[in-house]
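**Q** Have a look; sequence and predicted model below, questions after that.
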Amino acid sequence: MKNNNKYPNGNRMIQSDSNANKVVAFPSDKIYHDILVSQEEILDFAYSNYSDELLLFIEEQLHTLSEDAYLNQITTFFSSIWAIFYMPIENKGQTIFDKFIIKKRNMIKRQIVLDNIMGWKGFFTPVFGVLKQINGNDLVVECLFSNKTYTIPADRGNLPILGDYLLFFSIQVLGKQDKFLSYIKISGKVKDSILQSIEESLLSIQVENGIEKLSPETYINNYFPQFLSTLIIEVTEKKLHLNVMDSNQK
């Protein structure tokens, strides 16, 4: 039997023209693809226009780097992503992400794509957790700090197993939980030592900045480069396996 359904998965966005009584439909997987592409465009925009600011940020924030070039590259890359969304670059308090929206908003053809990207301003959050479930292509991760669960798509070529630790930036895509670009995967049963190192780093920041109490969630949100450096040092000392999907594997 011939399948006349143009969108067999049922995913589509419908716009109607009441005057012409016409319906124009396009699949949500196309919208999803456009949103994924926009993530790469944000990085291109940042590196093309604010490379000096990002370089200065890295030099100021990442005082302790690993002797491993691969780990240094990961630390720099993920810290730069955090800076794009969190670091003000001028007196108005605007971030590189804000600048991207201002510059590119009229170039994004679909309003639903623009609305989704703009929504990241409130949902972009670093998450560090343990993999609890694997449902098809979806990974269910429990945050070590809040016990909140996140469901994100797996990276092709960098599939974790239950018990692995994942570090990623949580965003919303078409109303569902997702991740920005990729995640860092860490294999090894080292929860206690990792948490101890994180706590020591957190307490150090409290003392240095005169903060009475700093919660782990605020720590990873506002001091992500220090958090990531602490994590990388732990990975190096414990000789754990760390991996990030290569862009060629997408």
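**A** Received the coordinates, thanks. Source: prediction; values computed, not measured.

**Q** which residues of the protein score low on pLDDT?
**A** 1-27, 63-66, 91, 188-191, 238-240, 245-250 (pLDDT under 70).

**Q** tell me the centre residue of the protein?
**A** Geometric centre of the chain, nearest residue: residue 169, 2.4 Å, by Cα atoms, centre = their mean.

**Q** Wait, that one touches residue 120, no?
**A** No - applying Cβ atoms under 8 Å, one finds residue 169 not in contact with residue 120, separated by 9.0 Å. C-beta here means a position set from N, CA and C on the backbone, and glycine is covered the same way.

**Q** tell me, what's touching these two both at once?
**A** 85, 180 (Cβ atoms under 8 Å, 6 or more residues apart in numbering).

**Q** does the residue nearest to the centre of the chain sit in a helix or strand, and which one?
**A** In this assignment (DSSP states H and E), residue 169 forms part of strand 165-173.

**Q** Quick check: the gap between residue 175 and residue 148.
**A** 17 Å (Cβ to Cβ, to the nearest Å).

**Q** So between those two, which is more surrounded?
**A** Between residue 175 and residue 148, residue 148 has the larger neighbour count (other Cβ atoms under 10 Å), namely 13 against 8.

**Q** Provide a list of residues in contact with the nearest residue to the residue nearest to the centre of the chain once chain neighbours are set aside.
**A** Closest residue to residue 169 apart from its sequence neighbours, by Cβ to Cβ, 6 or more residues apart in numbering: residue 180 at 4.0 Å. By Cβ under 8 Å, 6+ apart, the contact set of residue 180 is 39, 81, 120, 124, 168-171.
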